[in-house]
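In: Here is the input, now give the coordinates:
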Amino acid sequence: MVSRTSKAKREIDKQRKERAAAKRERREGRTDREVEPADGAEPADSTLTEEEVIRRLGEVHRRYDDGEIDLDELEAAKAELISQLRVE
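Out: Presented below is the predicted three-dimensional model:
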């Protein structure tokens, strides 16, 4: 008799593989100028406005929500962008 947990684990693994395949397809469909750095961070630019930093933070969070980057990449990108905010 096969336990239900094995079936559930197989289903979860199948879904994970499907998400990975979809992510790979999205990446392959990008043009060269659309490819982001591997760590998920935006290129450093010391002249970013507050609005631009906030927009980029939103983009990083969207990419995390879509499964394009993992939690470590999200945290690294957030730290980089937040470091560019100026406190007056």
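In: Could you report the separation of the residue nearest the centre of the chain from Ile82?
Out: Geometric centre of the chain, nearest residue: Ile69, 2.6 Å, by Cα atoms, centre = their mean. Going from Ile69 to Ile82 by Cβ to Cβ, to the nearest Å gives 16 Å. Where C-beta positions appear, they are placed from N, C-alpha and C, glycine not excepted.
In: repeat for Arg63
Out: 16 Å.
In: between the two, who's got more neighbours?
Out: Arg63 (16 against 10; other Cβ atoms under 10 Å).
In: Next, the buried residues of the host helix or strand of the more buried one.
Out: Element membership of Arg63 [criterion: DSSP states H and E] is helix 50-65. Residues of helix 50-65 classed as buried: Val53, Arg56, Leu57, Val60, Arg63, Tyr64 (neighbour count, 16 or more other Cβ atoms under 10 Å).
In: Quick check: of those residues, which lies closest to Arg10?
Out: Lowest distance from Arg10 to these (Cβ to Cβ) belongs to Tyr64, with 26.3 Å.
In: Give me the three-state assignment for the closest residue to that closest one other than its chain neighbours.
Out: Leaving aside its chain neighbours, Tyr64 sits nearest to Leu74 (4.3 Å; criterion: Cβ to Cβ, 6 or more residues apart in numbering). At Leu74, secondary structure determined by DSSP: H, G, I helix; E, B strand; the rest coil is helix.
In: try Glu68
Out: coil.
In: any idea how far it is from Ala21?
Out: Where Ala21 is concerned, Glu68 sits at a distance of 13 Å (Cβ to Cβ).
In: Which one's more surrounded, those two?
Out: Glu68 (16 against 10).
In: wouldn't the more buried one be in contact with Arg24 here?
Out: No. Contact criterion Cβ atoms under 8 Å: Glu68 and Arg24 do not qualify, at 10.8 Å.
In: Right, I'll leave it there.
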